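Trainee: everything below, folded, please.
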Amino acid sequence: MNWHCPICRKPVDSETDADFPFCSERCRLLDLGNWASQKYVISEPALDESLFEDLDRGATDEREN
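Mentor: Next up, the predicted model:
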């Protein structure tokens, strides 16, 4: 499948490029550096935090019994 490198936008083939989805080790390392320097952020929580509240309440109820 053909894609574009997320860093430099060069075409990348998933079947032949060892650094897929990047075109090169350089672009792969640049992406890793962006994560490490917190240039990327997740805009919304990946999980609904209310799920954890329900679990915490259940654990508290069990300890009280």
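Trainee: got phi/psi on residue 3?
Mentor: phi -130, psi -180 (degrees, to the nearest 10).
Trainee: contact partners for the residue lying closest to it once chain neighbours are set aside?
Mentor: Nearest residue to residue 3, sequence neighbours excluded (CB to CB, 6 or more residues apart in numbering): residue 12, at 5.1 Å. All C-beta spots, glycine's among them, are computed from the backbone N, C-alpha and C. By CB atoms under 8 Å, 6 or more residues apart in numbering, the residues touching residue 12 are 2, 3, 4, 5, 20, 21, 22, 23.
Trainee: these two touch, right, the fifth one and residue 6?
Mentor: No: counting by CB atoms under 8 Å, residue 20 does not reach residue 6; the two are 10.9 Å apart.
Trainee: state the phi and psi torsions of the residue nearest to residue 3.
Mentor: Here is the backbone geometry of residue 12 (degrees, to the nearest 10): phi -130, psi 140.
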